[in-house]
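*Asks:* For reference, the sequence and a predicted model appear below.
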Amino acid sequence: MVKLQVMICTYDADGIKRTAKSLHPSVPEVEYLIGWQTGDNDCAIPEELKRPDFKIFPHATKGLSKNRNYLLSKATAPILLVSDDDVDYTVPQLKSVIDTFEANPDYDIIAFRYNSAFCGKNYPDSSFNLWNPPKGYYVSSIEIGIRNGNYLSSLKFNKYFGCGSGTFIAGEEDIFLNDCKKLNLRAIYFPHTICTHNAGETTSERNQYNPCYIQTKGAVFIYIHPLSWPLRMLAHAVREKNIPRYNYIANWIKGAFKALRLQVKSN
């Protein structure tokens, strides 16, 4: 019986080849779902992925969030794990995800941690309610585990956020978790390492000083904090040391009003 499906998003010929090079051990209770946005450079499926525990879904959508939603629509296992095409797993790590969900049946969302030689992310050593996180903590997409349930029919990644969306280049996990909270889903963090990401910095780390990324922050904050976002923006601007304060605030406001104009709550 399949207990866990790892939902891997990839794009184009390079992406499916990158997926094939990542470590995906065979585990009897685990399947790998690959959402492959084929783009303009279709290619043959690599031999490494022609295993019975891989299910590959080529499709023509664009944008990471649309790809994640496509996989959510295909998922059938009781436990789902958000993933990308450059993430490595081990057998103990995948079994840890299953064991953690089975040992904590009251939780719908569980956040974990990942290894990286490039990421300077600091993780708390103790578990906590994800809706009341310690200061400075944030969730990365590849750390999110989801218990499959009826709520998945109304739970989606927002199409305006994430790589390839054409609107906001990141922030999809923040919006997704905020929507989970609105649905009153129960969420917790456990300090269990479930994968390795050594392909370089994450999108957020690479783009943290990019004006488009700062605009994304504005859009995320007006979505999550519609009343207090101006004060939060000013607090962030005061702490920011690497960008002129005026530019930081100007791009943040630009992103916030762009989100308002597009009505980003519409999926």
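*Replies:* Yep, it's here.

*Asks:* Quick check: next helix or strand after the lowest-mean-pLDDT helix or strand in the chain?
*Replies:* Sorting the helices and strands of the chain by mean pLDDT, DSSP states H and E puts helix 203-206 at the bottom, at a mean of 62. Tracing the chain C-terminally past helix 203-206 and defining elements by DSSP states H and E, one meets helix 211-224 next.

*Asks:* Quick one: the strands in the stretch 101-250 of the chain, in order.
*Replies:* For the stretch 101-250 of the chain, strands defined by DSSP state E, counting those that start in this stretch occupy the ranges 109-115, 128-129, 144-147, 187-196.

*Asks:* any idea how far the shortest one is from the chain center?
*Replies:* Right, strand 128-129. Centroid separation between strand 128-129 and its chain, computed with C-alpha atoms, centre = their mean, to the nearest Å, is 19 Å.

*Asks:* who's in contact with that strand?
*Replies:* 134, 187-189 (C-beta atoms under 8 Å, 6 or more residues apart in numbering). (C-beta placed from N, C-alpha, C; glycine too.)

*Asks:* returning to that earlier point: tell me which of the strands of the stretch 101-250 of the chain sits nearest to residue 259.
*Replies:* For these, the distance to residue 259 is smallest for strand 144-147, at 22.2 Å, taking C-beta to C-beta.

*Asks:* what's the spacing between the closest one and its chain's center?
*Replies:* Distance, centroid of strand 144-147 to centroid of chain: 11 Å (C-alpha atoms, centre = their mean).

*Asks:* and if you look at stretch 84-97?
*Replies:* Using C-alpha atoms, centre = their mean, the offset of stretch 84-97 from its chain centre is 15 Å.

*Asks:* can you give me the end-to-end distance of it?
*Replies:* 16 Å (C-alpha to C-alpha, to the nearest Å).

*Asks:* Any buried residues in that stretch, and which?
*Replies:* Across stretch 84-97, burial judged by 16 or more other C-beta atoms under 10 Å covers 84-89, 93-97.

*Asks:* Just give me the closest of those to residue 236.
*Replies:* Nearest to residue 236 among the buried residues of stretch 84-97, with distances taken as C-beta to C-beta, is residue 84, at 26.7 Å.

*Asks:* Specify the beta-bridge partners of that closest one.
*Replies:* residue 9 (DSSP bridges).

*Asks:* cool, the one 4 residues further on as well?
*Replies:* Bridge pairing for residue 88 (DSSP bridges) gives the partners residue 196.
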